[in-house]
Structure formats: C-alpha cells, structure tokens
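> Sequence and computational prediction follow.
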Amino acid sequence: MLLEVQGDRRMENPTEQQVRGAIEGFLHPGPWSYAHLVDDQGSYVQAAGNRPWCVVERRQLAPLSHFRAFQHTPVIKYADGTTLNTGAGDITLQHDEWFLLQDAVEIFLAFLRDEPFPVQVQWRSMNEMFGL
C-alpha cells in the first residue's frame, strides 16, 4: 500500500495511525486537504476536504470503475450543488456526499485492512463523468 498526501508526502506500507493522521490532518488553508491510499494493484480510495467535512471516492481497476461515497442518512443538511472548498479545488456535492473526517478515516482503514466498507457507506458510480 502507498499513502500519498497533498504536498508530496508519501508513505509506503502506512500504519493505521499514519492513515488516521493523514485524514484527520485536513485543514484548509493548511498543510494538506487531499490524500489517497493505493493498493498493490492500483485501486485506491481518496478524500479531499477541510475540517470537519470531506468527500470520499474510490477507483477499482477490475472492472475499471470510479465511485463517490454517499450515505442514506446525511450528517448535515447542505443542498445538492453546495461546494466543498478544498486544497484539491472546489468540489460540488450532492446532499448525501458530505462525510465527517472520522467517517473517512473508517473508510480508509477498511480499505487498508482489505475489509468491507462501513455499512452506512454506499457508492455512486461516476463512470460517465470519467468516460469509463
């Protein structure tokens, strides 16, 4: 596994503590607000945001697909089309795509452990947006 954090911070075979610290460290403006965790096959999860909110996406290589995380019971009440301002750019989200950083940590740790994602996390296809 490889953990990459905005600002060229790369960690090979990161520990759970390093993954947790990477996500919990999202500050805007700040040292970083984007991270992704890549497995040995090239599939990954990524998050971008700022305290306390973020967006989470994943890409799998077989079959090639890209997804954005959402939850049936949103934690906040932003309207569809509200923008999350991050160091990776402004990202327009639907109302159910806002995650607390602690939720993103759990998603990243599940990926790191090769375990199922938390039950509240659902995945919306973004294949059309990426031409997949």
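Arrived safely, thanks for sending.

> for this protein, longest strand please?
In the chain, taking DSSP state E as the definition, the longest strand is strand 53-61.

> buried ones in the helix or strand that that one is followed by?
Scanning forward in sequence from strand 53-61 by DSSP states H and E, the next helix or strand is strand 64-70. Using 16 or more other Cβ atoms under 10 Å as the test for burial, strand 64-70 gives Ser65, His66, Phe67, Arg68, Ala69, Phe70. All C-beta atoms are positioned from the backbone trio N, CA, C, and that covers glycine.

> outside of the worst-scoring helix or strand of the chain on mean pLDDT, which residues touch it?
Least confident helix or strand, the chain: helix 127-130 with a mean of 80, by mean pLDDT, DSSP states H and E. Contact partners of helix 127-130, identified using Cβ atoms under 8 Å, 6 or more residues apart in numbering, comprise Ser65, His66.

> Off-centre distance for stretch 70-78?
15 Å (Cα atoms, centre = their mean, to the nearest Å).

> no, scratch that, I was asking about stretch 109-125
Here stretch 109-125 shows a centroid-to-chain-centroid distance of 11 Å under the convention Cα atoms, centre = their mean.

> before we move on, what about stretch 105-124?
In terms of Cα atoms, centre = their mean, the centre of stretch 105-124 is set 10 Å apart from its chain centre.

> Just the CA trace of that stretch, in PDB.
The C-alpha trace of stretch 105-124 is given here as PDB (Å, rounded to 0.1, in the frame of the first residue of the first chain):
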ATOM      1  CA  VAL A 105     -10.800   7.500   8.400                       C
ATOM      2  CA  GLU A 106     -13.000   4.400   8.900                       C
ATOM      3  CA  ILE A 107     -13.400   4.100   5.100                       C
ATOM      4  CA  PHE A 108      -9.600   4.400   4.600                       C
ATOM      5  CA  LEU A 109      -8.900   1.900   7.400                       C
ATOM      6  CA  ALA A 110     -11.300  -0.700   5.900                       C
ATOM      7  CA  PHE A 111      -9.500  -0.300   2.600                       C
ATOM      8  CA  LEU A 112      -6.100  -0.600   4.300                       C
ATOM      9  CA  ARG A 113      -7.300  -3.800   6.100                       C
ATOM     10  CA  ASP A 114      -8.900  -5.200   2.900                       C
ATOM     11  CA  GLU A 115     -12.200  -5.400   4.900                       C
ATOM     12  CA  PRO A 116     -15.800  -4.400   3.800                       C
ATOM     13  CA  PHE A 117     -16.500  -0.700   4.000                       C
ATOM     14  CA  PRO A 118     -18.700   0.600   6.900                       C
ATOM     15  CA  VAL A 119     -22.400  -0.400   6.400                       C
ATOM     16  CA  GLN A 120     -23.600   3.200   6.200                       C
ATOM     17  CA  VAL A 121     -21.300   3.900   3.200                       C
ATOM     18  CA  GLN A 122     -22.900   3.500  -0.300                       C
ATOM     19  CA  TRP A 123     -21.100   4.100  -3.600                       C
ATOM     20  CA  ARG A 124     -22.500   6.100  -6.500                       C
END
